[in-house]
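In: give me the fold of what follows.
(one chain, ligands or ions: 2)
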Amino acid sequence: METKEIVADFENWREAVDEAVALLTQGQVVALPTETVYGLAADAFNAQAAAKVFEVKERPSFDPLIVHIGHKKDLELVAIIPEELSELVAELATKFWPGSLTLVLPKKPEIPDLVTSGLPTVAVRMSSHEVMRGVAKQIPIAAPSANRFGRISPTSAEAVMEELGGKIPLIVNGGACRDGLESTIVAPEMTDKGPILRLLRPGPISKEELRKIAKVVKPKGSKADHIEAPGQVESHYAPATPLLLIEKDVEFVPEEGKKYGLLSYRGEGRNSLVDFIDWEEIEILSPGKGKLAEGAVRLFYCLRKLDAAGLDLIVAESVSETGVGVAMMDRLRRAGAASLR
Ligand code: TXA
Ligand code: MG
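Out: Ligands and ions are numbered 1, 2, ... in the order given. Next up, the predicted model:
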């Protein structure tokens, strides 16, 4: 199949939206930009189209998709809002939508079981990207990240082409993703002590921001913060090249004749490994002022570049685990864990 790419800029994004909607209503899948990462979109009410998403991504059917809506009122089309949570859900939607927050709520029967991998709940968000939002205003969209299963999420149309070129009819190029990391996923719940948010995946919306609205807790019965949800498997977000994340008690001992690449936070400074050895490749997450947000935007892009450099090992410096740094370290740890397999 030939994969067409159309550029959605300020002038013609409407045409791009129309072209995507035309294919989606025929049950096809297309790649669309969002503010977090590119998504592989299908009509959320069409089980056959959702099946194509799993097939194209080579994604196991136990890993559920995220449903994207275009209007806050459309939440009722895809999810059931429990009475006792309605105030909390409304507050979250007002504060964070459109934006990079995904809510897990009981699902409407109209959403095919395939979309939610048989779970009684559905993950929903409203993207702030004019293309995804423009499309979702016309039909709710089921869309996971537009990468092959377990791989690094794409933050540019070029990365989608690398992942899925030849397998899908259309990629809408909306430029680089502004957040660069997948959305924060929370499950709002009511407890004896009041409403809480279970943090299922850290992302661009930080715990600190969520805490202003409700208590934030880790998933049930887990040591780490990513076990409850199917799909929160460790081997996600993995480059093909092994990755070593430098954390406390982790030592990097270079071997003669091996090619090493460095993922550095700032490229200099007290904890930097830039001058440690003669690196084959260096990518700097935040070459500007050392801002976590800049690093988050560039994280997957830098990992892809290092992954393409024919290295034996990628060595990654840790970043500070505050704000979006929590999500960055989550992705880096998973990338490291995947290399151990
Ligand atoms: O930013 C994002 O969220 C991007 C863009 C495209 O919107 N999408 C994305 O989708 O990251 P994906 O499929 O790569 O990750 C979705 C994850 C699943 O792996 C799963 O862990 C979780 O969302 N999820 C989906 N439905 C769920 C549910 N009902 N309960 C718990 N977790 C769920
Ligand atoms: Mg993904």
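In: so where is the stretch 201-341 of the chain shaky, pLDDT-wise?
Out: 220-236, 340-341 (pLDDT under 70).
In: which residues of it fall in helices?
Out: Listed in chain order, the helices of the stretch 201-341 of the chain (DSSP state H, counting those that start in this stretch) span 207-211, 292-307, 325-340.
In: let's have the ones you listed in TSV, adding distance to Q26.
Out: (Each C-beta comes from the backbone N, C-alpha and C, glycine too.) Formatted as TSV, those follow (distance: least, CB to CB, whole Å):
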stretch	distance to Q26
helix 207-211	38
helix 292-307	30
helix 325-340	34
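In: out of those, nearest to P112?
Out: Nearest to P112 among the helices of the stretch 201-341 of the chain is helix 325-340; the distance by CB to CB comes to 28.0 Å.
In: picking that back up, want to throw the helices of the stretch 201-341 of the chain into CSV with mean neighbour count and distance to ligand 1?
Out: Shown next, in CSV, are these (neighbours: other CB atoms under 10 Å; distance: least, CB to the nearest ligand atom, whole Å):
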stretch, mean neighbour count, distance to ligand 1
helix 207-211, 15, 15
helix 292-307, 22, 11
helix 325-340, 21, 11
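In: what's the spacing between the nearest residue to P239 once chain neighbours are set aside and E281?
Out: Excluding its sequence neighbours, the residue lying closest to P239 (CB to CB, 6 or more residues apart in numbering) is D307, at 3.8 Å. Separation of D307 from E281 (CB to CB, to the nearest Å) stands at 10 Å.
In: flag every residue of the stretch 101-250 of the chain that's near ligand 1.
Out: Contact residues, the stretch 101-250 of the chain versus ligand 1 (CB under 6 Å from any ligand atom): 102, 104, 116, 119, 121-123, 143-145, 182-183, 185, 200, 229, 231-232.
In: excluding residues flanking it in the chain, which one is nearest V326?
Out: Closest to V326 by CB to CB, 6+ apart is P202, at 4.6 Å.
In: no wait, A316
Out: L263 (4.1 Å).
In: now F45
Out: Excluding the flanking residues, the one nearest F45 by CB to CB, 6+ apart is E110, at 5.9 Å.
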